[in-house]
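Following is a predicted model, sequence given first.
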Amino acid sequence: MLDIKLIREKPDFVRQRLVTRGAWEEQFIDGILQADDQRRKALAEVETLKATRNRVSKEIGALMGQKKLAEAEAKKAETKDLGDRIAVLDQQAKAADATRDEMMLRLPNLPHASVPLGQTAEDNPLVRSHGGKPEFAFQPKSHVELCERLKLVDFARAVKLSGSGFLLYTNWGAKLERALIQYMLDLHTREHGYTEVAPPLMVGPQCLEGVGQFPKFKDQYYGVAEGNDAAKLGHLYLIPTAETPVANIHREEILSERQLPICYCAYTPCFRGEAGAAGVGTRGMIRVHQFDKVELIKIVKPEDGYAEQEKMLAHAERILQSLGLHYRVVQLCTGDMGFASAKTFDIEVWAAGQGSYLEVSSVSNCEDFQARRMNLRFKTEAGENKFPHVLNGSGTALARLFVALLETYQQADGSVLIPPPLQPYLQTDRLIPQA
RNA sequence: GGAGAGAUGGCUGAGUGGUUUAAGGCACACGCCUGGAAAGCGUGCGUAGGUAACACUACCGUGAGUUCAAAUCUCACUCUCUCCGCCA
């Protein structure tokens, strides 16, 4: 959520920044200002009336104490109709408040001044590239073929269980998935200073609203019902990312400055309806309804926000570097950024079988946008309450990383080499085709 | 699912209609005292809106209601704890 004071004082600046994102929501600004004005006018009036009422009520109390009942009754008559006017104005202020907030929740974050202007992913500048594309003396295979030959994923039976867009990892596939998760958690907790958490996989709507997934993208997530009670549908949602529960851990709290920065990492499955994404049925593991991810979350002082984002990006890159994968980092342009983000870097790993780069990480600083929505604050040494910056980054997403590993390390004989960091977890240095 | 108890500021804990616009304690900050510290003493110390600054307004789980006046009375809901049942 944006600061209402900023909208009030610099509406044109806010409008202009929103337009750089291609956000049609800038049209809400006039409505917000109008509702805000109505709210403030109603409040100013009703507060004066309440002050009067409080004063007279106190006088009545004093008169009753002195047994001056007649005078007390006279005073009561005096304030009799005050209550009705207060009720009406209270109602007006509340209605204006609700109208304002509903629109405020629909405004995306403002891009940081350093974010390049652009409309689509085509306009995202390359930041850097690491390693080079692996070269093969043979035609590299797609992960789908490799998975089938190595019996790592049973695509057909997953469909039988849950429909398209789900994966059934088998044998070494399941082990490789688990090894990757554990390797990444170990690296981030041991060497990058993150505290591991294992959050709930179902959350209430306030968490989705807190990080900015609601209300705009409400139709993209899985709501769950308890038993056959359809009335309970929508009380809980399957998390689309660990960001949803983990960023909300300290919602509605006032942290002390000494606690910052708070750094969490979490492994969770992620559930996404991907409504509107044409042909989820894209063969393979690249776009699925459920995938695993190790997520990084930081809550930091505003002045540290962007330095911490660089560090988080380096932490995610370290995973790919240590696994010997070729990747590139791009910065998202204004038009391609997510709803809550002020500045985002994506990491894309090279998938030789696809002949393309796959997004495996997105590292965003949401500044105080989410903190405002969650009412998450910290108290400075000077005793002032401020909103911290909240950062999230994938470190990294599985499925696609799995794809890149297989396609990068495939050999002419159909086997796949396991890079050294994963060997202790798997107790093998290669996967060999099954009979 | 059944029965009971409860929800007050960072914590603890008083408060059953009007000097409570939340007592006392702990913790915290500053000062005095001290060679230094502890103890002791003094001052300050919730959140948000509002103001140049005051004033003022709201908030005692949430939402409605009664009243001139609600932490306090009424109703509904939510959550927590204890016991029972079912269950991995």
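Ah, there it is.

what does the stretch 51-200 of chain A put close to RNA strand B?
Taking C-beta under 7 Å from any atom of the strand as the test, the list of the stretch 51-200 of chain A residues beside RNA strand B reads A:51, A:53-58, A:60-62, A:64-65, A:76, A:79-80, A:82-83. All C-beta spots, glycine's among them, are computed from the backbone N, C-alpha and C.

try 6 Å this time
A:51, A:53-54, A:56-57, A:60-61, A:64, A:76, A:79-80, A:83 (C-beta under 6 Å from any atom of the strand).

got a markdown table for these, with pLDDT and neighbour count too?
Rendered in a markdown table, the data for those read as follows (pLDDT from 0 to 100; neighbours: other C-beta atoms under 10 Å):
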| residue | pLDDT | neighbour count |
| --- | --- | --- |
| A:Ala51 | 86 | 10 |
| A:Arg53 | 87 | 15 |
| A:Asn54 | 86 | 11 |
| A:Val56 | 86 | 15 |
| A:Ser57 | 84 | 14 |
| A:Ile60 | 84 | 19 |
| A:Gly61 | 80 | 11 |
| A:Met64 | 77 | 14 |
| A:Lys76 | 80 | 13 |
| A:Thr79 | 78 | 18 |
| A:Lys80 | 74 | 9 |
| A:Gly83 | 81 | 12 |
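
Those in helices, which ones?
Per DSSP state H, helices hold the following members of those: A:51, A:53-54, A:56-57, A:60-61, A:64, A:76, A:79, A:83.

Would you point out the most distant pair within the residues of the stretch 51-200 of chain A next to RNA strand B?
By the measure C-beta to C-beta, these have their two most distant members at A:Ala51 and A:Met64, which lie 20.8 Å apart.

Against which helices or strands is the worst-scoring helix or strand of chain A on mean pLDDT packed?
Taking all helices and strands of chain A together, the one with the lowest average confidence (mean pLDDT, DSSP states H and E) is helix A:69-79, at a mean of 78. Applying 3 or more C-beta pairs under 8 Å, 6 or more residues apart in numbering; DSSP states H and E, one finds that helix A:69-79 makes contact with helix A:28-65.

got the angle between the helix it packs on and helix A:69-79?
Per axes from the mean of the first three to the mean of the last three C-alpha atoms, to 10 degrees, the angle that helix A:28-65 makes with helix A:69-79 is 170 degrees.

sec struct for the residue lying closest to A:Glu26 once chain neighbours are set aside, please.
The spatially closest residue to A:Glu26, leaving aside those adjacent along the chain, is A:Leu18, at 3.9 Å (C-beta to C-beta, 6 or more residues apart in numbering). With DSSP: H, G, I helix; E, B strand; the rest coil as the basis, the three-state label of A:Leu18 is helix.

pLDDT score for A:Leu18?
A:Leu18 carries a pLDDT value of 94.

ok, now how distant is it from RNA strand B?
When distances are taken as C-beta to the nearest atom of the strand, to the nearest Å, A:Leu18 and RNA strand B turn out to be 22 Å apart.

For that residue, grab the count of nearby residues.
A:Leu18 has 23 neighbouring residues, counting by other C-beta atoms under 10 Å.

That one against A:Phe28, yeah?
No. Counting by C-beta atoms under 8 Å, A:Leu18 does not reach A:Phe28; the two are 9.1 Å apart.

who touches both of those two?
A:Leu107 (C-beta atoms under 8 Å, 6 or more residues apart in numbering).
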